[in-house]
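> Structure, please.
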Amino acid sequence: MVRGLCLGLLDVTLVFLLLRSVTGLLLMDHQRDAEDDQELNKAILEMLHINKVSASHQTKPHPYMRRIYQRLDSLEAQDFGTSDGTLVQSFRSVDGPHHASAGWIWFNVSSLNPSMLGAELVLFRKTLHSRPLSVTVTLHSVAASQGALTESPALEERLLSLDQRPSTGFDVFDVSSVLAVKPLEMVGFQLRYTDESGSLVLHEALTQSLYCLNRGSLSEPLLVLYQAHPLQV
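Here you go, the predicted model:
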């Protein structure tokens, strides 16, 4: 009888130890799962934080581009289609080639879509003259292709009122003819001025005075490419 009692106590002890072991293993698994969940949650939070920070540092749309987007939305709303003058690409100004002359506004267009047929140079007029004054501005371009620089004839000539800003704030020049160069890697533009007497004005200094040329600024020079003719904004 004593022997049976001892065996019964031994069985109870074994069952207790077994239950304790199983409970311990379950607690360890639960703790491990909790730690894994905590690490996962931490990773998700870090990822969300990175995305949030990255999104906050994304370059804001150029003010002129916002006008283009609004114009395209208006055309789509009127169901005129988007094949005629639909914006496809835009480029901000960059440093020019090391062998290029100073006083040019450069754009890297090596990723240019070959279907582009229209192009605009967009410059924000940052200053106005205090008195009525006009100059004649002539726009010139130079294309960099396969290591060679090729300057084109004048693209456009217009009278510029230095005491008046366009309604959009931007002087916009049609430079579609530069797209004739194939393949086109970089393109530069220069404004040259003559006063009312016909005398040549220091073009580089006047361009820097008139326009926002700082790369990275919200209204830096912009080159806009279209599938057909430029949009009217």
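> contact partners of stretch 196-209?
Contacts with stretch 196-209, where a contact means C-beta atoms under 8 Å, 6 or more residues apart in numbering, come from 102-103, 105, 127, 134-135, 190-195, 213. Every C-beta, even on glycine, is put in place using the N, C-alpha and C of the backbone.
> and that stretch, which residues are buried?
V201, H203, L206, T207 (16 or more other C-beta atoms under 10 Å).
> And the second one, how far from M186?
Computed as C-beta to C-beta, to the nearest Å, the H203 to M186 distance reads 20 Å.
> Select from the contacts of stretch 196-209 every entry located in strands.
I105, S134, V135, Q190, L191, R192, Y193, T194 (DSSP state E).
> Distance check, L162 against F107.
Taking C-beta to C-beta, one finds L162 at 25 Å from F107.
> Those two: which has the busier surroundings?
Neighbour comparison, L162 and F107: the larger count goes to F107, with 25 against 20 (by other C-beta atoms under 10 Å).
> Do a quick rundown of the helices in this protein.
Ranges of helices in the chain, per DSSP state H, are 2-56, 63-77, 203-210.
> The longest one - what's its average pLDDT?
Averaged across helix 2-56, pLDDT comes to 49.
> what do you get for the last one?
With pLDDT averaged residue by residue, helix 203-210 scores 89.
> what do you get for stretch 144-153?
Rounded mean pLDDT across stretch 144-153 is 82.
> Give me the buried positions along that stretch.
Under 16+ other C-beta under 10 Å, the buried positions of stretch 144-153 are A144, L149, S152.
> With distance to L121 added, can I get these in a markdown table?
Below are the buried residues of stretch 144-153 laid out as a markdown table (distance: C-beta to C-beta, whole Å):
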| residue | distance to L121 |
| --- | --- |
| A144 | 16 |
| L149 | 18 |
| S152 | 13 |
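> Out of these, flag the one nearest to L179.
S152 (11.2 Å; C-beta to C-beta).
> Just list the residues touching the closest one, thanks.
H140, S141, V142, A143, S177, V178.
> Put the buried members of those into a ChimeraX selection.
Per 16+ other C-beta under 10 Å, the buried members of the contacts of S152 correspond to this ChimeraX selection:
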select :140,141,142,143,178
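> which of the contacts of S152 sit farthest apart?
V142 and S177 (12.6 Å).
> Between its first and last residues, how far does stretch 219-227 reach?
End-to-end span of stretch 219-227 (C-alpha to C-alpha, to the nearest Å): 23 Å.
> Can you list the neighbours in contact with that stretch?
With C-beta under 8 Å, 6+ apart as the criterion, stretch 219-227 contacts 62-65, 68, 83, 85-93, 105, 107, 109, 112-113, 115-124, 126, 169, 175, 179, 187, 211-214, 230.
> circling back: are any of the contacts of stretch 196-209 buried, and if so which?
For the contacts of stretch 196-209, buried by 16+ other C-beta under 10 Å: G103, I105, V135, Q190, L191, R192, Y193, L213.
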